[in-house]
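*Asks:* turn this into a model:
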Amino acid sequence: MARILTKALTLALLTLLIPRAGSAQELTLEECWRRAEAHYPLSRQYALIEQTKDYSLSNASKRYHPQLTLNAKASYQSEVTKMPLDFASLGIPISLPEVERDQYGVTIDVSQLLWDGGRTAATCATINSEAEVNRAETDVSLYALRRRVSEIYFALLLLSEQQSYNDLFHEEVLRTKHKVETLINGGVATSSDLDAVEADRIRSERTRSEYLALRHSYLGALSLLMGDTLSDSTKLRFPTAEIAEQKHKTRPELHVLDRQTQALDARRKELSASLLPTLGLFAQGGYARPGLNLLDRDFAPYYIVGARLSWSLGNLYTHRNNKRLLSTQERSLDLKRETFITNQQIEITNKTGALEKVRTQLHYDNELIALRRRVYSSSVAKMEHGTLSGADLMRDLTQVRLAEQEKILHQVQYLQLLYDLRWLSGV
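*Replies:* Here you go, the predicted model:
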C-alpha cells in the first residue's frame with residue numbers, strides 16, 4: 001500500500017510541479033552537487049594528498065639505495081700506543097717507531113642495505129593507509145557540502161512554486177476585482193467591497209516582490225557554491241521520488257573509520273618489523289695518517305669491505321606498550337563507529353516519521369483544496385446576489401490560496417525528506 005501511495009504521489013508531483021521546458025538554463029540537484037564539489041576549494045586536496053603520498057613512498061624506497069658518507073677529521077690525542085719493551089736497556093740497538101699524536105684522515109663510507117626485516121614494506125603500507133584516511137576525511141567534508149546545496153536547492157524549488165501559485169492567485173484577484181467593479185456598476189456591491197479586493201491585490205504583489213528577492217538571494221548563494229553565475233531565469237528541475245529512493249551506500253564517515261582501522265593494522269606490522277635485524281654490505285675507503293698501519297707516520301690510502309648484521313633490542317622495552325596503545329586506539333574507533341551508527345539510526349527514524357506525517361498530509365491536501373474551491377465558488381455566487389461582502393469573498397479566496405500553499409510546502413517537504421533520508425543513509 002505504501003509503495004502504491006508513493007508512486008501516486010510521485011506522479012502527482014511530476015504532473016503539477018515539473019517546470020515547463022524553455023530556453024532558460026535548467027539544472028538538476030545531482031548536477032548542482034557535481035559542480036559544487038568540483039568548484040569547492042577542498043576538492044583540490046585530493047591532488048595534494050596524492051602528491052604527498054608519492055613523495056613519502058619515494059623517500060621510503062630510497063632506504064635501499066646505496067648510502068654515501070664523507071668524513072674528514074683532524075685530532076690530537078694525549079696518549080698513543082707504545083710497545084712496553086726497552087731494547088736499549090738490554091743493549092740491543094733497536095728503537096721502535098711511535099704513533100703520531102696528531103692524526104688526520106678523509107674517508108668515504110658506502111653502505112648497501114640488503115634486508116631490513118620488512119621495515120620499508122611496512123612503512124609504505126602505513127603511508128598508503130594514511131593517504132586513504134586523508135582522502136576519506138576529504139570525502140566527508142565534500143559529502144556535507146551536498147546537504148548545504150540540497151537545502152538551498154529545495155528552498156529555491158519552494159519559492160518558485162509559491163511564486164507560481166501567487167501569480168495564479170494574483171490573476172484570480174484581478175478577475176474578482178473586475179467582477180466587483182461590474183457589480184458596483186449594477187448597484188449590487190459597494191466601494192468597500194472593491195477596497196477589500198484591492199487590498200488582496202496589493203498583498204499579492206508585495207508577496208511576489210518578496211519571493212523574487214528571496215529567490216535572487218538563494219540563487220546567489222548557490223552560484224557561490226557552484227562557482228557559476230545563475231540568472232533569475234534559471235530553472236531547477238524537480239527531483240523524483242524514484243531517484244531519492246535509489247539504493248544507498250555506506251556513509252563516508254564510516255569509510256573514514258574503516259581506513260583508520262586499516263592504518264592501525266599497517267602500524268602494527270611496522271611495529272613488528274622494528275624488532276627484526278637488518279643485513280647489509282659496507283665499504284670504506286680513506287686517506288689518512290696513520291692508515292691501517294698505525295706505526296706508519298706517512299699518509300696512506302686504505303679500504304675496508306665487509307657485511308654487517310645489526311639487531312637493535314631497544315624496541316623490546318616499548319613493544320608491549322605500543323601494541324597495547326594500538327589496541328586501545330582500535331577499541332576507540334569501534335566505539336566511534338557504534339556511536340555514529342546509533343545516531344544515524346535515530347536521525348533516520350525521525351526523518352521516516354516526518355516523512356509519514358507529510359505523506360498523510362498530502363493525502364488530504366487535494367480534498368481540502370477542492371472544498372475550499374467550492375466554498376469560494378459559492379461565495380462568488382452570493383456576492384453576485386448581494387448577500388456577501390467583498391471582505392468575506394476575499395477571505396474565502398485567501399483560504400483557497402493558503403490550502404494551495406500548504407500543498408506546495410508538503411510536496412517540497414516530501415521530496416526533501418526523501419533526499420535527507422538518502423543523504424543520511426549514504427548517497
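*Asks:* I'd like to know which elements the longest helix along the chain is packed against.
*Replies:* Counting residues, the longest helix in the chain under DSSP state H turns out to be helix 316-384. Helices and strands touching helix 316-384, by 3 or more Cβ pairs under 8 Å, 6 or more residues apart in numbering; DSSP states H and E, are helix 2-17, helix 119-185, helix 252-273, helix 390-425. Where C-beta positions appear, they are placed from N, C-alpha and C, glycine not excepted.
*Asks:* please redo it, this time with the cut-off set to 6 Å
*Replies:* helix 252-273, helix 390-425 (3 or more Cβ pairs under 6 Å, 6 or more residues apart in numbering; DSSP states H and E).
*Asks:* check contacts around residue 77.
*Replies:* With contacts defined as Cβ atoms under 6 Å, 6 or more residues apart in numbering, residue 77 is in contact with residue 101.
*Asks:* oh sorry, the question was meant for residue 309
*Replies:* With Cβ under 6 Å, 6+ apart, residue 309 has these contacts: 277, 279.
*Asks:* partner residues bridging it?
*Replies:* residue 279 (DSSP bridges).
*Asks:* pLDDT score for it?
*Replies:* Predicted confidence (pLDDT) for residue 309: 93.
*Asks:* just the helices and strands packed on helix 316-384: most buried one?
*Replies:* With neighbours taken as mean count of other Cβ atoms under 10 Å, the helices and strands packed on helix 316-384 reach their highest mean count in helix 390-425, at a mean of 20.
*Asks:* could you check the angle helix 119-185 makes with that one?
*Replies:* Calculated by axes from the mean of the first three to the mean of the last three Cα atoms, to 10 degrees, helix 390-425 forms an angle of 170 degrees with helix 119-185.
*Asks:* show me the contacts for the residue nearest to residue 376 when sequence neighbours are not counted.
*Replies:* Closest residue in space to residue 376, ignoring its immediate chain neighbours: residue 396 at 4.5 Å, by Cβ to Cβ, 6 or more residues apart in numbering. Residue 396 makes contacts with 375, 376, 379, as judged by Cβ under 6 Å, 6+ apart.
*Asks:* from the residues you listed, which is closest to residue 67?
*Replies:* Set against residue 67, the nearest of the contacts of residue 396 by Cβ to Cβ is residue 376 (91.2 Å).
*Asks:* might one say that the closest one is in contact with residue 398?
*Replies:* No: using Cβ atoms under 6 Å, residue 376 is not in contact with residue 398, being 9.4 Å away.
*Asks:* count the neighbours of the nearest residue to residue 390 once chain neighbours are set aside for me.
*Replies:* Nearest non-adjacent residue to residue 390, counting by Cβ to Cβ, 6+ apart: residue 193, 2.7 Å away. Residue neighbour count, defined by other Cβ atoms under 10 Å, stands at 25 for residue 193.
*Asks:* roughly how far apart are residue 193 and residue 401?
*Replies:* Plainly put, residue 193 is 19 Å away from residue 401 if you go by Cβ to Cβ, to the nearest Å.
*Asks:* that older thread, from the contacts of residue 396, keep the buried residues only.
*Replies:* For the contacts of residue 396, a burial check counting by 16 or more other Cβ atoms under 10 Å picks out 376, 379.
*Asks:* export the contacts of residue 396 as TSV, with columns for pLDDT and distance to residue 135.
*Replies:* TSV is the format used below for the contacts of residue 396 (pLDDT from 0 to 100; distance: Cβ to Cβ, whole Å):
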residue	pLDDT	distance to residue 135
375	91	60
376	86	59
379	85	64
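*Asks:* between the contacts of residue 396, which is nearest residue 163?
*Replies:* Of all those, residue 163 sits closest to residue 376, with 21.3 Å by Cβ to Cβ.
*Asks:* roughly how far does that closest one sit from residue 176?
*Replies:* Here residue 376 is placed at a distance of 9 Å from residue 176 (Cβ to Cβ).
*Asks:* and residue 204, by the same measure?
*Replies:* Residue 204 sits 11 Å away from residue 176, going by Cβ to Cβ.
*Asks:* can I get stretch 367-382 in CSV? Just the C-alpha atoms.
*Replies:* Once non-C-alpha atoms are left out, stretch 367-382 reads as follows in CSV (Å, rounded to 0.1, in the frame of the first residue of the first chain):
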residue,chain,number,x,y,z
GLU,A,367,-9.5,17.2,-0.9
LEU,A,368,-9.1,20.3,1.2
ILE,A,369,-8.3,22.5,-1.8
ALA,A,370,-11.4,21.1,-3.6
LEU,A,371,-13.6,22.0,-0.6
ARG,A,372,-12.1,25.5,-0.3
ARG,A,373,-12.7,26.0,-4.1
ARG,A,374,-16.4,25.0,-3.7
VAL,A,375,-16.8,27.4,-0.8
TYR,A,376,-15.2,30.2,-2.8
SER,A,377,-17.4,29.5,-5.8
SER,A,378,-20.5,29.6,-3.5
SER,A,379,-19.2,32.9,-2.1
VAL,A,380,-18.8,34.4,-5.7
ALA,A,381,-22.5,33.5,-6.3
LYS,A,382,-23.5,35.1,-3.1
